[in-house]
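**Student:** Return a 3D structure for these sequence lines:
(3 chains)
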Amino acid sequence: MAEQKTVAATGNTVVAEAMRQCKPDVVAAYPITPQTTIVEEYAGFVAKGRVHTEYVTVESEHSAMSACIGASAAGARVMTATASQGLALMWEELHIASGMRLPIVMANANRALSAPINIHCDHGDAMGARDAGWIMYFAESAQEAYDNTIMALKVAEDPSVLLPAMSCLDGFITTHSIDRVDVLDDESVAGFVGEYEPANALLDTDDPVSHGAFAGLGGPFFEFKRAQREAMEAARPVITSVGEAYSQLSGRPFDVIETFGMEDAEVAAVVIGSASGNARHIARQLRAQGVKAGVVKVRVFRPFPYAELAEALRGVKAVAVLDRAESFGAEGGPLFLEVRSALYDASDRIPVVSYIYGLGGSDVRLELMERMFADLSDIAAGSAQPGKLVYLGAR
Amino acid sequence: MAKWDIETIGEWDWRQFPLGAVIPESGNSRDYVTGGWRSERPVRDKETCTQCLLCWISCPDSAIYVEDEQLPDESFNLAHCKGCGICANVCPVEAITMVPEGCDLPEVK
Amino acid sequence: MQQLTEIRWHARAGQGAVTAAKLVAETALELDQYIQAMPEYGPERMGAPIQAFTRISPQPIEIHCNIENPNVVVVLDESLLATVDVARGVTEDGVVIVNTCKTPGQIRTELGLDSGKVACIDASGIALDTLKRDIPNTPMIGALAKATGLFDLRPVIDHLQKTFGKKFTQDVIDANVACVTRAYEEVAIDG
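**Tutor:** Here you go, the predicted structure:
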């Protein structure tokens, strides 16, 4: 295990630290609340010479991701960060980065999308980009945000993957709260992520290549998309093996899903991000009272761990899926759709209820988690039917 | 030897295409024959031509040959000329005329 | 130290409550505790009522939400008592610490508290004496240390010197140490 330093720091501070330790050649970014302090601190590292990065200040997130794509195609290791409207403004470039198979790593400080304008946490921004071909990690805590960012880079740059990756952390709740975090030493991180060997560097003049070619009607566009799907599938074992290697280095366990009480759970909640601990806290209290409650936290959303989820939820009598994002007109939130689909092949037909919670930073009070588990217990006991989507805690 | 053999590209599956739609070789647009897009071909009257080379400068497909700063007798690369007529249009002495193509385009085959 | 201590800070934006929430958390970290410190973020408006939160625990802290049932309430501005229900949800054995010249008995009556502890300290007076500015945050930390018994004066001063040493002149550091020490000694506690 590597030397570690215990610090009191915000999620954004340790994400900036993780980026510095990964030594990217280029960072092109535009500040946006609640991501701002990541790029602010990173710019400070560059100004003080603590990292040798070409830091590109741009006029928008559209330009930020465009510059990242250009730099990555040129053969550079590239990282950036954004949030909310910024991620939305990057939308077209997100698809270009993944289609060109450029392993850009981006932190996203999860924040609600307007309107009405709001600067606080929900997952609507990241979930809006869930089909953009990016690997997606979600952090419960500042510690996980730090760890995920380092692992994401190693996975993205793996020659069998070569896809961009997002390291998501909850706006304000994780980005701005001071938390206890163990930080690795610079050498350990540098050794872990290694040197980046670009596959097709534009700046390699001995071996000139063209990027950004046309593959239209009758061309191989369809085949390129197939290759992208296969790369996302290939990322699964890489995410696991990188996670194992990182666990050895850091002493912190990693899995694409993290379970609590699932060995005998009758009622279970599936959740992403900072609210996971709230659900676990109540599940722990309920277990002390004899209720077999469990929690499954999803740490990697893309590629989606459907097999792991189906296995974890086997034998459960009622499941709540907690979404901090909407999918208007769908039967439930984005995570709900994935979870219920993952359960389709299960032999038992498990009732699954969609809960939308915490939009726009609405506080995830413990009492809401109690209410959700109480609903599940009624369904499991047969005294209530699983209902339609629940807006948990909305007036 | 060609670095990137695309002779059988029409039969490739997803595994065979290069990563991220990269073209791993430079200058291979000459392999892409566009002469078949042409419905009219340029014909140059050598007597009228003053060898000013405006046609050569203006051709968007670099389909006009120049040797020793002169247009040779066979001055058009008909495998790539798309018949756009820019050369005829810019010629200051009207030495180039666009002539309708027949059914046969032997240089494209 | 008990299982989990939850501290809710009430102040007006600009009084240093967010810094205080952070300083307390950092001091606890140096005593090998798990910590959380966060403001309730909103638009920056000097003078507007704000809340901040600190959690301290010997075990990892897994919950991420506002503090509804604080063990400790710290009020940096007495005038908030008229407009904000600062004692909302405070636990039976909770401690309410107010920056005021009034006595704990008077504050207890004003807040209608019949259990727990009430502590009063003229933090603004101490700050004006020593810092020459009404920044009552560091004196409130001294009062908090004494009234809650969360930690002794020593680690508070050690941490203050360490963290302020990077940013401030020795005069400012000395004044802040004096603030903390005086408040620790002068806080009046009832209950």
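**Student:** tell me the secondary structure for the residue of chain B found nearest chain C?
**Tutor:** Here chain B gets closest to chain C at one residue, residue B:20, 38.4 Å apart by Cβ to the nearest Cβ. Just so you know, the C-beta spots here come from the backbone N, C-alpha and C atoms, and that holds for glycine as well. Per DSSP: H, G, I helix; E, B strand; the rest coil, the local secondary structure of residue B:20 is helix.
**Student:** So which residues on chain C come close to chain A?
**Tutor:** For chain C, the contact set with chain A under Cβ under 8 Å from any Cβ of the partner chain comprises C:22, C:25-26, C:29, C:34-39, C:41, C:60-66, C:68.
**Student:** for the record, mean pLDDT for the longest helix along chain C?
**Tutor:** What stands out as the longest helix in chain C, according to DSSP state H, is helix C:170-186. For helix C:170-186, mean pLDDT rounds to 95.
**Student:** before we move on, what about stretch B:26-41?
**Tutor:** 87.
**Student:** chain center to it: distance?
**Tutor:** 5 Å (Cα atoms, centre = their mean, to the nearest Å).
**Student:** Kindly report the same for stretch C:41-59.
**Tutor:** For stretch C:41-59, the distance to the chain centre is 11 Å (Cα atoms, centre = their mean).
**Student:** Give the buried residues for that stretch.
**Tutor:** Using 16 or more other Cβ atoms under 10 Å in any protein chain shown as the test for burial, stretch C:41-59 gives C:41, C:50, C:51, C:52, C:53, C:54, C:55, C:56, C:57.
**Student:** how about the helices in the chain?
**Tutor:** As the question left the chain open, I've gone with chain A. A:11-22, A:36-47, A:61-74, A:84-89, A:91-99, A:124-128, A:142-156, A:186-193, A:221-250, A:276-288, A:306-312, A:334-342, A:366-381.
**Student:** right idea, wrong chain: chain C
**Tutor:** Using DSSP H, helices in chain C cover C:17-30, C:104-111, C:123-130, C:137-148, C:153-164, C:170-186.
**Student:** Make a markdown table from those helices and add mean neighbour count to it.
**Tutor:** As requested, those are arranged in a markdown table below (neighbours: other Cβ atoms under 10 Å in any protein chain shown):
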| stretch | mean neighbour count |
| --- | --- |
| helix C:17-30 | 24 |
| helix C:104-111 | 18 |
| helix C:123-130 | 21 |
| helix C:137-148 | 27 |
| helix C:153-164 | 17 |
| helix C:170-186 | 18 |
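**Student:** so can I have a markdown table of those helices showing distance to residue A:14?
**Tutor:** Output for the helices of chain C, formatted as a markdown table (distance: least, Cβ to Cβ, whole Å):
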| stretch | distance to residue A:14 |
| --- | --- |
| helix C:17-30 | 14 |
| helix C:104-111 | 39 |
| helix C:123-130 | 32 |
| helix C:137-148 | 25 |
| helix C:153-164 | 18 |
| helix C:170-186 | 27 |
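**Student:** closest one to chain B among those?
**Tutor:** Ranked by Cβ to the nearest Cβ, the member of these that lies closest to chain B is helix C:17-30, at 44.9 Å.
**Student:** Please export the alpha-carbon coordinates of the closest one; CSV is fine.
**Tutor:** Provided in CSV are the C-alpha atoms of helix C:17-30 (Å, rounded to 0.1, in the frame of the first residue of the first chain):
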residue,chain,number,x,y,z
ALA,C,17,-19.6,31.1,10.0
VAL,C,18,-18.4,29.0,7.1
THR,C,19,-14.8,29.5,8.1
ALA,C,20,-15.7,28.6,11.7
ALA,C,21,-17.6,25.4,10.6
LYS,C,22,-14.5,24.5,8.7
LEU,C,23,-12.0,25.3,11.5
VAL,C,24,-13.9,23.1,13.9
ALA,C,25,-14.0,20.2,11.5
GLU,C,26,-10.3,20.6,10.7
THR,C,27,-9.4,20.7,14.4
ALA,C,28,-11.4,17.5,14.9
LEU,C,29,-9.6,15.8,12.0
GLU,C,30,-6.3,16.5,13.8
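**Student:** Tell me the buried residues within the residues of chain C next to chain A.
**Tutor:** For these, buried by 16+ other Cβ under 10 Å: C:22, C:25-26, C:29, C:34-39, C:41, C:61-65.
**Student:** where does the most centrally placed residue in chain B land on pLDDT?
**Tutor:** For chain B, the residue nearest the mean C-alpha position is residue B:80 (2.2 Å; Cα atoms, centre = their mean). At residue B:80, the pLDDT value in this model is 94.
**Student:** do residue C:38 as well
**Tutor:** At residue C:38, pLDDT is 94.
**Student:** ok, now which ones touch it?
**Tutor:** Applying Cβ atoms under 8 Å, 6 or more residues apart in numbering or on different chains to residue C:38 gives the contacts A:172, A:173, A:176, A:177, A:178, C:21, C:52, C:53.
**Student:** Please tabulate these in CSV and include pLDDT and distance to chain B as additional columns.
**Tutor:** CSV is the format used below for those (pLDDT from 0 to 100; distance: Cβ to the nearest Cβ, whole Å):
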residue, pLDDT, distance to chain B
A:172, 96, 36
A:173, 96, 36
A:176, 96, 36
A:177, 96, 38
A:178, 96, 41
C:21, 96, 47
C:52, 95, 47
C:53, 97, 46
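**Student:** okay, the helices of chain A, which one's buried deepest?
**Tutor:** Burial of those is given as mean neighbour count (mean count of other Cβ atoms under 10 Å in any protein chain shown); helix A:142-156 ranks first at a mean of 28.
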